[in-house]
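In: here you go, sequence then predicted model.
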Amino acid sequence: MNETVNTPEVFFNLNGILRIAGKSLPEYAIEYYKPLMDKLDEFLETKQSIEVTIEMIYINTSSSKVFYNILKKITESGVMVTVHWHYEEDDEDMRELGEYYEEMLEIPFAYQVFV
């Protein structure tokens, strides 16, 4: 999915690479991310590992819930997952959101600042 003013770039391939980058404030987040969730369902049946990179500038509340559900779906599938959480240098809220997901889902995140 291509990036717009209100939605992030979403890249996912069958090699288990998922990258979400930009701003996420669609009016209907569940509907916006449904195609990704459907692809994830299919992919997770293969039991391959997955590498997730989240590089967000802003996430609204409904998108935050969807991101949690995406990560939870991956975690509960039992596949090996690597999460790279990128955030802007001064954005402690985004860093803390990653830490919250990491704690709730009990999977390690790698954190990196982007400019």
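Out: Great, that's in hand.

In: state which strand of this protein is the longest.
Out: strand 50-59 (DSSP state E).

In: now it: buried residues?
Out: By 16 or more other C-beta atoms under 10 Å, the buried positions in strand 50-59 come out as Ile50, Val52, Thr53, Ile54, Glu55, Met56, Ile59. For glycine as for every other residue, the C-beta is placed from the backbone atoms N, C-alpha and C.

In: try stretch 28-46
Out: Ala29, Tyr32, Tyr33, Leu36, Leu40, Phe43, Leu44.

In: also stretch 10-21?
Out: Val10, Phe12, Gly16, Leu18, Arg19, Ile20, Ala21.

In: what's the angle from whichever strand or helix holds the second one to strand 50-59?
Out: Using DSSP states H and E, Phe12 falls within strand 9-13. Orientation check (axes from the mean of the first three to the mean of the last three C-alpha atoms, to 10 degrees): strand 9-13 against strand 50-59 gives 170 degrees.

In: and the helix or strand following strand 9-13, how far from the chain's centre?
Out: Next along the chain after strand 9-13, taking DSSP H and E as the criterion, comes strand 17-24. Offset of strand 17-24 from its chain centre (C-alpha atoms, centre = their mean, to the nearest Å): 6 Å.

In: neighbouring contacts of strand 17-24?
Out: 3, 5-12, 36, 40, 50-60, 63, 67, 86 (C-beta atoms under 8 Å, 6 or more residues apart in numbering).

In: in TSV: the buried residues of strand 50-59, plus pLDDT and distance to Gln112.
Out: What follows is the buried residues of strand 50-59, written out as TSV (pLDDT from 0 to 100; distance: C-beta to C-beta, whole Å):
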residue	pLDDT	distance to Gln112
Ile50	97	18
Val52	98	13
Thr53	98	9
Ile54	97	10
Glu55	97	9
Met56	95	12
Ile59	96	17
